[in-house]
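**Student:** just the structure for this:
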Amino acid sequence: MTGLVAAVVFPAMRELDPTLGGYAGYDGPHWSLVAGVIAEKVFHVGFVVTGVMLGLSLAAVLGLVALRRVSGVPIVRLGLVVVTLGLFLTHVGWLQPRMDQAASAYREAASAQQTEEAAMAKSEFDDMHPIASKLIGALALSSLALFTVSAWMASAGRETQGAD
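**Tutor:** Next up, the predicted model:
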């Protein structure tokens, strides 16, 4: 959903073309500054929610492992949790700090009316954006797969529950 919010906020802000008082001397586009601030806050909330949910998913699948010693390990679910968690941690631990740093440098330079420095920082951020989009897409797909497999196994008969 965070990616969807960004996909709505950025075009809406571009269309509104706001002027921000705190950046009055900056002659670059203000819409990307305000959209970026909103999107960054939404992403940070989303990261907390996703992290908590993935932690609970990991605890649940490890609980299944502990309870199913005789009937088998839920390999597919365990694998999907590990993949999803790996994608999430890659984004949050490696890419997002770099994107946040570039976004902050963009806002600081714009606030200081340093148009060239602002453009360089925005370009640095923009260069990372395709990687972030791919990570978010992969995370969404792996989360959907995890949900689907878990729902399928929860609705399956007792005789098939050791087979995932």
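**Student:** pLDDT weak spots in this structure?
**Tutor:** Per-residue confidence for the chain (pLDDT under 70) gives these ranges: 69-72, 157-164.
**Student:** neighbours around residue 106, how many?
**Tutor:** Other residues near residue 106 number 24, with proximity taken as other C-beta atoms under 10 Å. In this view, the C-beta of every residue, glycine as well, is placed from N, C-alpha and C.
**Student:** what's near enough to touch the residue most central in space within the chain?
**Tutor:** Closest residue to the average C-alpha location of the chain: residue 136 at 5.2 Å, with C-alpha atoms, centre = their mean. Each residue near residue 136 by C-beta atoms under 8 Å, 6 or more residues apart in numbering is listed here: 2, 3, 91.
**Student:** repeat that for residue 122.
**Tutor:** Contacts for residue 122 were tallied using C-beta under 8 Å, 6+ apart; they are 28, 32, 102, 106.
**Student:** on the three-state scheme, it is what?
**Tutor:** Local secondary structure at residue 122 is given as helix here, using DSSP: H, G, I helix; E, B strand; the rest coil.
**Student:** the helices in this structure, which residues?
**Tutor:** 2-16, 31-67, 75-89, 96-111, 115-155 (DSSP state H).
**Student:** same list, those helices, but as TSV with distance to residue 23 please.
**Tutor:** Conversion of those to TSV gives the following (distance: least, C-beta to C-beta, whole Å):
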stretch	distance to residue 23
helix 2-16	13
helix 31-67	6
helix 75-89	33
helix 96-111	5
helix 115-155	9
